[in-house]
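J.: Sharing a model prediction with you, sequence too.
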Amino acid sequence: MSSEVADSVVQTVTYWTLFGGVALGAVVPVIPTGALVSAAAAAALYSLHPVTVLLVIAVGTVAALLGDMVLFGICSLPVGDRLLAWLRRRTNPVLLERSHRRLDDHGLRVLILSRLIPGGRIPIMAAALMLNLTWRWYLAGDILAAAVWSLTYAAIGVLSGSIFEEQWKGIALAIVLVVLVSVAPAGWKRLRGGRSGNLAPADQEST
C-alpha cells in the first residue's frame, strides 16, 4: 500500500470517527465533542492538503447538528418524557429558569451562543422543549450554532497544531486547551463562591 493510499485511509477513518463521536456526544452529553473536533483539526493541519481542516469543520458541523436534532426529536416524543426529565435533573434549576427567560426574550441568539458556552446547550434545549418550540425553529438556529461551534473548536486545534512540528504534541495541546476551556467556567464559579463565603463572616462582624 502506497503512502498516499494509507494517508487517504487514515483520513477517511478520522472523518467517520469524528462524525460518529460528535453525533453520539450530542445525543449523550458526556462525550467531549469539542476535544474531538480540535484534535481532528490539529491532525488535519499536518496534512499536505490544507482543505482537510475545512472538511473537519464541515463534518463537525453536520454531526453536531444531526445529534442535536435527534436529541430534540426524541425529547419531543411522548416516549422522551424520561429523557427530558433526565436532562432537567442534570441542569441546575436556577440555570434552567434563567435559560427559559433568556430564550423567551432573545430567541435564536441565545440558542446560537449556548453551544459556545460549556454546559450551556442542554439548559437551552430543555427550555426550548418546555416552551413547546417547534423543531423547525430549533433547526433554524442550530444550523448556525453548530457551524460556529465547530469552527471555534477547529480554530483551537489549528492554533495548537501550528505551535509544534510534531503532530502528537499539537493534538495533545489541543485536547488540553479544550479541557481547560470546558472546566474554566465551573472553576471560576467555585472560586467566586468560595470568596463570597470567606467574605460573608467579615461583613457580618463589621455591621
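T.: Cool, got the structure.

J.: any idea how far residue 115 is from residue 36?
T.: 15 Å (Cβ to Cβ, to the nearest Å). C-betas here are computed from N, CA, C, even on glycine.

J.: any low-confidence regions in this structure?
T.: 1-10, 47-51, 79-81, 83-84, 86-107, 181-207 (pLDDT under 70).

J.: all helices in it, in order from the N-terminus.
T.: Along the chain, the stretches classed as helices by DSSP state H are 3-27, 33-45, 51-76, 81-89, 93-106, 108-114, 121-130, 135-163, 167-206.

J.: so what does the third one touch, helix or strand wise?
T.: The reference is to helix 51-76. If you count contacts as 3 or more Cβ pairs under 8 Å, 6 or more residues apart in numbering; DSSP states H and E, helix 51-76 packs onto helix 3-27, helix 33-45, helix 81-89, helix 121-130, helix 135-163.

J.: possible to save these as JSON lines with distance to residue 170 and mean neighbour count?
T.: Shown next, in JSON lines, are the helices and strands packed on helix 51-76 (distance: least, Cβ to Cβ, whole Å; neighbours: other Cβ atoms under 10 Å):
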{"stretch": "helix 3-27", "distance to residue 170": "14", "mean neighbour count": "15"}
{"stretch": "helix 33-45", "distance to residue 170": "4", "mean neighbour count": "27"}
{"stretch": "helix 81-89", "distance to residue 170": "35", "mean neighbour count": "13"}
{"stretch": "helix 121-130", "distance to residue 170": "27", "mean neighbour count": "23"}
{"stretch": "helix 135-163", "distance to residue 170": "4", "mean neighbour count": "19"}
